[in-house]
Each structure stands twice: as structure tokens, then as C-alpha cells.
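Q: kindly generate the corresponding structure for this input.
(one chain, ligands or ions: 1)
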Amino acid sequence: MTEPLLAWSDEEGAGRAAALFAAALGGEPDGVWASPGRVNLIGEHVDYNGGLCLPMALPHRTFAAVRRRDDDVVRLVSALAPDEAWTGTLGGIAPGLVSSWVAYAGGTAWSLGQAGHALGGFDAAIASCVPLGAGLSSSAAIECAVALALDELFDLGLAASGDAGRAHLAAVCVRAENEVAGAPTGGMDQAASLRATAGHALLLDTLDHSVAQVPFHLAEAGLELLVIDTRAEHALVDGQYAARRAACHAAAARLGVGTLREVDDLPAALAALPDPVEQQRVRHVVTEIARVEQFVALVRDDRVREVGPLMDASHESLRLDYEVSCDELDVAVVSARAAGALGARMTGGGFGGSAIALVEESSVGAVGAAVTEAFVDRGWPEPGLLIASAAPGGARVRPVPPP
Ligand code: GLA
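A: Next comes the predicted model:
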């Protein structure tokens, strides 16, 4: 069994990003900013349907060492390809002009410009301990770390103004992901990366983008949240995600509602939809939003031990009605439950990526070992493991902000 992946400290992440900056771009950055990946506790594929979701930020973050420039040149480098810095200009970053991680790192600058913010060029070096392609929002973490850096270096004052400014930055990052990277995702990941607070899950209402901080202290209940990266390929730009989104919007239009959040009589809605696939999609979305409400009510009532069946039901709904699971995710949740997890489900977009399991602190090792054995028995690579605790949203980590 692989050991759980530990998160980098401020010092380690900032040190790595600054060292990459010096080696690939030369000199010192003005600062280092970090923003986290996330897991979603419950509320999957509802963020583009006006629904409720409940992500929390991971302690695993992406670090961006950034220096403001006096011209309009942009230079970007990633620790994954330290010898291949990308050089261009602000005007050269736009939909259709850049791809892969450059779209995430640079796209944020384009999107800030579209929102009316005046920027100049910049140099940025990116290093991350958020597993890539694991459905843990490594892309949003890049966008949000760069957005925080540009916000501060170009005196936009957004993050400093509190949650409203962070919500604006999150919307900017979503636009970068949708239009520059071409991934038609909702807004959950960027909200978690920028608006989460330590010790809380983030209840996000995607109808109006309002949030509530829900205290979430698993350790006090003797529990842990184990994240299982199936290592099965996860891609949101391959059309399946967009197809789910389109089916939901078509169903909403047929039902005469703005979003599926407005469906309050599920049997009547299902009866009004001739297409069985649209019926399945709507049933998932409407029941999933109800599960989020029940989950939050239990957590607020200090009954976090009782949320397991809601996680299991969410997974079944995603597997059968929404059809976004896969063999690796199903084996991960089934074997975690069989080894004693209180509940388990896929998290994030699906089609690969990660699952989460709620486990007794004392049985984390046993559950991790059981899932690993189930994978190895099938001839699959060993899954990656990490422990999630409710971490804060992104911030500057160097120079260390004043207390
Ligand atoms: C991906 C997207 C999110 C959300 C989830 C599914 O993570 O980026 O916006 O739609 O899938 O809940």
C-alpha cells in the first residue's frame, strides 16, 4: 500500500516554487501564493443546475511564485516541465490561443482583463502537491493561486476585501477554465479553493453563489476522510461532462424552469419528461440536492457519524442515474465499505478520478489496504491515498503576511 500523500507546508511549497522561479526565470519572485485542491463531500453535478454542494479545501495546494513586470510579457513555468518555460504576451493569451496548464495559469490573466481589471505582464513559476488528473481540482488550484497573485501584485484589492472579492475572483477563474481551457465546468472547485475556511466545509448555493461555513471537525468524532485516487484517467473536456450539462439544461427547458433547483415535485417532473435519459439525470440532480440538505443538517446537529448512508446513496445515484462512475470508482467505494467505511462515494466530476471514504480513525490503514488489495487483484495500479482535513482557501505564503 502506498503511504498517504502528505501536503507540503508553506515553507516547502514556497521554497520549491521560488527555486523553480530562480532556475527557470531568473531572480526572485515578489511573493508566493498558494491555493488548495478540494474534495466534494456531497452535491455532485449540481453546481451547473443551481443546486447546493458541500466541498472542502484540501491541505494539498498549488504554489505560484510570481513577479510583476513593467512590460506586457508573460513567462510561465511549471515544475512538471522545468526546462520548457512558456513565453508570450498578455494579448497572446485568449480562447483558442493557449492550451494545457498554460490555459489555467495564463487564462486567469485574460479573464481578469475581460472583467475590466488593468494588468501588466508577469513571470510565474508553479509547483503543486495536488495530484494531477485525480479529480481533486488541480486545475482550479492553479487558476486560483495565480489569481490571488495578480490581484495583489496589480493592486486590485479583491481578496483583501473579503468573501465578496474572493467570490469575484472565483468567477474570473471559472471563466478562464470555461473559455480559455475549454472545460465547461460549474463553479464549485474555484469557490472551494478561494472561499473555504479552516475547519469548515463550504455550503455553496449555486443559484446566487452565496456560501455558508459549516463547522466540520471529523477528528472530534474519531473519524477521518480517506481520499482514494483511482489513477483512472479523468478528463472533463472529452464531451461526457458537457453532455450531462446539456441534458440537464434541455430537461429544465422542457419543464419550464430556469434551473433544475426549481423542481419541487419530482414525480410530476419525471412524468412530464418523455426522454428516459433526461428522467435519470433529473432524478439524480433533484435527489442529490436533497441529500446535501440532509447531510448539512446532520453535521450541524453533531451527527456526522450518520452521514454514511447519504454518501452511499449519492454514489449509487451517480453510478446508475447520472452514469459518471467507472469500474475503478465502484471498486474503491465497495471495497472501502466492506472494510468498515461508514460511507463512500466518488467525488468530483467522475469518469475516473477520486473517491472519498468516511472511516474510523483506527481503521484508516485497514481500509486503505483493502482498497489497494482490491485494485492489485484486478491488475490495476495501486491507488493513491491521502487524508483530507478541512483546510483554508488560498492566500499569500511568502513573504509571510502580517498577523
Ligand atoms: C467537476 C467540475 C465541477 C463540478 C463537479 C461535479 O469537478 O469542475 O464544477 O461540476 O465536476 O460535481
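Q: checking the residue of the stretch 251-400 of the chain found nearest the ligand next. Helix, strand or coil?
A: Sorted by distance to the ligand under Cβ to the nearest ligand atom, the residues of the stretch 251-400 of the chain start with G349, at 3.2 Å. Placement of C-beta: from N, CA and C, glycine included. Using DSSP: H, G, I helix; E, B strand; the rest coil as the criterion, the local structure at G349 reads coil.
Q: what's the first-to-last distance across stretch 116-128?
A: Taking Cα to Cα, to the nearest Å, the first and last residues of stretch 116-128 lie 29 Å apart.
Q: what mean pLDDT does that stretch have?
A: Here the mean pLDDT over stretch 116-128 is 98, rounded to a whole number.
Q: how does the chain divide into domains?
A: 10-215+390-397, 218-388 (automatic domain parsing).
Q: now for the ones you listed, which one comes closest to T2?
A: The stretch from the domains of the chain with the least distance to T2 (Cβ to Cβ) is domain 218-388; that distance is 5.5 Å.
Q: quick check, distance from the closest one to the centre of its chain.
A: A distance of 14 Å separates the C-alpha centroid of domain 218-388 from that of its chain, computed with Cα atoms, centre = their mean, to the nearest Å.
Q: measure S99 to the ligand for me?
A: From S99 over to the ligand the distance is 18 Å, taken as Cβ to the nearest ligand atom, to the nearest Å.
Q: report how many residues lie close to that residue.
A: Using other Cβ atoms under 10 Å, S99 has 13 other residues around it.
Q: same thing with P267?
A: Other residues within reach of P267, judged by other Cβ under 10 Å, total 8.
Q: per-residue pLDDT, it?
A: The per-residue pLDDT of P267 was computed as 98.
Q: for the stretch 251-400 of the chain, which segments count as helices?
A: Counting by DSSP state H, counting those that start in this stretch, the stretch 251-400 of the chain has helices at residues 266-272, 276-300, 308-316, 327-338, 364-377.
Q: so the longest one, near the ligand or not?
A: Pointing back at helix 276-300 there. No - shown here: helix 276-300 not in contact with the ligand (Cβ under 6 Å from any ligand atom), separated by at least 9.0 Å.
Q: for the protein, what lies in contact range of the ligand?
A: With Cβ under 6 Å from any ligand atom as the criterion, the chain comes near the ligand at residues N40, E44, H45, D47, Y48, T185, G186, M188, D189, G348, G349.
Q: the fourth one contacts L207, correct?
A: No - the pair formed by D47 and L207 falls short of the contact definition of Cβ atoms under 8 Å, at 10.3 Å.
Q: which of those two has more neighbours?
A: Between D47 and L207, D47 has the larger neighbour count (other Cβ under 10 Å), namely 23 against 14.
Q: can you give me the strands for the stretch 151-300 of the chain?
A: For the stretch 151-300 of the chain, the strands defined by DSSP state E, counting those that start in this stretch cover 200-205, 210-215, 223-229.
Q: who are the packing partners of the last one?
A: So that's strand 223-229. Contacts defined by 3 or more Cβ pairs under 8 Å, 6 or more residues apart in numbering; DSSP states H and E place strand 223-229 against helix 327-338, strand 354-360, helix 364-377, strand 384-388.
Q: hey, what's the angle from the third one to strand 223-229? Just curious.
A: Pointing back at helix 364-377 there. 20 degrees (axes from the mean of the first three to the mean of the last three Cα atoms, to 10 degrees).
Q: average pLDDT across stretch 179-188?
A: On average, stretch 179-188 scores 95.
Q: show residues contacting that stretch.
A: Counting contacts by Cβ atoms under 8 Å, 6 or more residues apart in numbering, the residues outside stretch 179-188 that touch it are 38, 40, 43, 47-48, 53, 55, 93-95, 98-99, 103-104, 106-107, 110-111, 139, 170-171, 174, 177-178, 204, 206, 209, 236-237, 241-242, 245, 349.
Q: what does stretch 283-299 give?
A: Contacts of stretch 283-299 from elsewhere in the structure, counted by Cβ under 8 Å, 6+ apart, are 41-46, 49, 51-54, 201, 203, 214-216, 248, 260-261, 263, 266, 269-270, 304, 306-307, 310, 313-314, 317-318, 321-322.
Q: swap in 7 Å and give it another go.
A: When contacts are taken as Cβ atoms under 7 Å, 6 or more residues apart in numbering, the neighbours of stretch 283-299 outside the stretch itself are 41-46, 49, 51-54, 203, 214, 216, 248, 260-261, 263, 266, 270, 304, 306-307, 310, 313-314, 317-318, 321-322.
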